[in-house]
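Peer 1: Need a 3D model of the following:
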Amino acid sequence: VISERPLVRWWQDDHGTAEQNLEKLHQQLSQLQNSGQHALYAQYFSLSQNFYEYSGPARTAIGIWMSNAFDTDSEEKRPDGLSSAGVFFYISHVNHSCLPNCRADWDEGAAKLVLRAVSDVACGEELTISYIGVVNAPRRMRRNYLVKHFHFDCGCVLCERGDDWGARAIDVLSEVPV
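Peer 2: A predicted model of the protein is given here:
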């Protein structure tokens, strides 16, 4: 459906402290601003954020990151303990559904995040992805996870119709080729 290069791609040290990793994120953002890429810097800070655990300037930078980052690791974990993620301007605007019509996959060779349809998408239909990895969890668990980690109540068709309907829909979705 769409492919996009990251505004910012950040390698987080899985063994580092939160402060060290936050400093690395600020360095990445400063590089955008200092290298004349003001449009990318502005696009990053125009994205929404749903995380309020931080205060001051860190609140906005890390809040945007935590609300919008996608995993950009290849299949194999790096031996140096680094994991990567990126923030993408257009794909970050795609909303959640527990029964999504798209999925986002990192293409290491192209260095792009690719949004792929997993079902037929009608003209004018909203593109959706799942913000959670497991859609076959009970509705209560999915909704609690989304409230805790993304700060919103899910009102997607799967949540509104209930778990019985969802189990049938998930069986159909599991047949979609990867």
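Peer 1: Could you list the low-pLDDT ranges of this structure?
Peer 2: 14, 50-59, 75-81, 134-135, 163-178 (pLDDT under 70).
Peer 1: And the strands in it, which stretches?
Peer 2: When secondary structure is read from DSSP state E, the chain shows strands at 2-4, 8-13, 69-71, 82-87, 95-96, 102-107, 112-117, 128-129.
Peer 1: residue ranges of the helices in this protein, please?
Peer 2: For the chain, the helices defined by DSSP state H occupy 18-34, 38-46, 57-68, 139-150, 157-161, 163-173.
Peer 1: so which of the strands of the chain gets nearest C154?
Peer 2: Counting by C-beta to C-beta, C154 lies closest to strand 95-96 out of the strands of the chain; the figure is 6.7 Å. In this view, the C-beta of every residue, glycine as well, is placed from N, C-alpha and C.
Peer 1: Pairing partners for that closest one, with directions?
Peer 2: Strand 95-96 pairs in its sheet with strand 128-129 (parallel), by DSSP bridges.
Peer 1: gap between the strand it pairs with and the chain center?
Peer 2: Relative to the centre of its chain, strand 128-129 is centred 10 Å away, using C-alpha atoms, centre = their mean, to the nearest Å.
Peer 1: Could you do stretch 108-117 as well?
Peer 2: Taking C-alpha atoms, centre = their mean, the mean C-alpha location of stretch 108-117 is offset from the chain mean by 13 Å.
Peer 1: For W106, which non-adjacent residue is closest in space?
Peer 2: Excluding the flanking residues, the one nearest W106 by C-beta to C-beta, 6 or more residues apart in numbering is T72, at 4.7 Å.
Peer 1: The one you found and Q12: what is the separation?
Peer 2: Distance, T72 to Q12, by C-beta to C-beta, to the nearest Å: 11 Å.
Peer 1: related to what we said a few turns ago, format the strands of the chain as a markdown table; extra columns: mean neighbour count.
Peer 2: What follows is those, written out as a markdown table (neighbours: other C-beta atoms under 10 Å):
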| stretch | mean neighbour count |
| --- | --- |
| strand 2-4 | 16 |
| strand 8-13 | 18 |
| strand 69-71 | 17 |
| strand 82-87 | 20 |
| strand 95-96 | 14 |
| strand 102-107 | 18 |
| strand 112-117 | 17 |
| strand 128-129 | 19 |
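Peer 1: A137: which of those is closest?
Peer 2: strand 95-96 (14.0 Å).
Peer 1: show me what contacts the residue nearest in space to the middle of the chain?
Peer 2: The centroid of the chain falls nearest to F70 when counting by C-alpha atoms, centre = their mean (4.0 Å). For F70, the contact set (C-beta atoms under 8 Å, 6 or more residues apart in numbering) comprises 85-88, 91, 104, 106, 113.
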